[in-house]
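Peer 1: build me a structure from this.
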Amino acid sequence: MAPRCDGASVLHASDGLVSVRVRVRQVTNLVYALVFLESGPNTNVGILVQEPSIMTKLDGDGQSAQAGTDFTRPLVVQQKKTKDYSREQVALRGLPVKFTATGGLVLSSPIAYSDYVGRTEVYVVAGSMPGTHTVAATAGDTTVTFRLTVSAN
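Peer 2: Residues are numbered from 1 along each chain as shown. Here you go, the predicted model:
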């Protein structure tokens, strides 16, 4: 079965730019995009196609640390996609993952990029607020959440 189009919308911005958004229902692990554009000689066209991917927590969830100290292990996620028509999973390299924290947790970086095996990691320092706090890792439309506990000194 081929993916089906669930709808499309065209937005005309006041600056003359046009944005087209197409929603595709994914029937398999593949998404096909076929775009026809008619443009004048001075038109710039940018297309972003996001492949369906899976982001998984690998390590770092559920840790505890005293306020102001480092959590022992980094928070690690991995991004993969299904290769072609097979069920084989392949790593997605060089993709950005945005990390956001609550409760005063301090991250080594707000954005990190996946390595050659699709892994992305950040280190965390416990803030001064005791309690359970979260770090969200977001890539595209996918978010996974880590829960970390900070105890008072």
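Peer 1: S151 against G68, yeah?
Peer 2: No. Using Cβ atoms under 8 Å, S151 is not in contact with G68; the gap is 10.8 Å. Just so you know, the C-beta spots here come from the backbone N, C-alpha and C atoms, and that holds for glycine as well.
Peer 1: and this protein, what are its domains?
Peer 2: 1-49, 54-151 (automatic domain parsing).
Peer 1: which one of those has the poorest average confidence?
Peer 2: When those are compared by mean pLDDT, domain 1-49 comes last with a mean of 50.
Peer 1: measure stretch 74-90 end to end?
Peer 2: 23 Å (Cα to Cα, to the nearest Å).
Peer 1: now stretch 129-146
Peer 2: End-to-end distance (Cα to Cα), stretch 129-146: 17 Å.
Peer 1: buried stuff in it?
Peer 2: Across stretch 129-146, burial judged by 16 or more other Cβ atoms under 10 Å covers 133, 135, 137-139, 144, 146.
Peer 1: got a list of contacts for it?
Peer 2: 50, 53-57, 60-61, 67, 75, 77, 79, 95-105, 107, 120, 122, 124, 127, 147-152 (Cβ atoms under 8 Å, 6 or more residues apart in numbering).
Peer 1: got a quick PyMOL command for the buried subset of the residues you listed?
Peer 2: Restricted to buried positions by 16+ other Cβ under 10 Å, the PyMOL selection for the contacts of stretch 129-146 reads:
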select buried, resi 53+55+60+75+77+79+95+97+99+101+103+105+107+120+122+124+127+148+150
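Peer 1: taking the contacts of stretch 129-146 one by one, which sit in strands?
Peer 2: 54-57, 75, 77, 79, 96-101, 107, 120, 122, 124, 147-151 (DSSP state E).
Peer 1: can you give me the helices in this protein?
Peer 2: With DSSP state H as the definition, the chain shows no helices.
Peer 1: beta partners of V150?
Peer 2: A65, G131 (DSSP bridges).
Peer 1: now it: how far from Q89?
Peer 2: V150 sits 35 Å away from Q89, going by Cβ to Cβ, to the nearest Å.
Peer 1: how about R147?
Peer 2: Taken as Cβ to Cβ, the span from R147 to Q89 is 26 Å.
Peer 1: hey, what's V106 bridged with?
Peer 2: Here V106, judged by DSSP bridges, has bridge partners V125.
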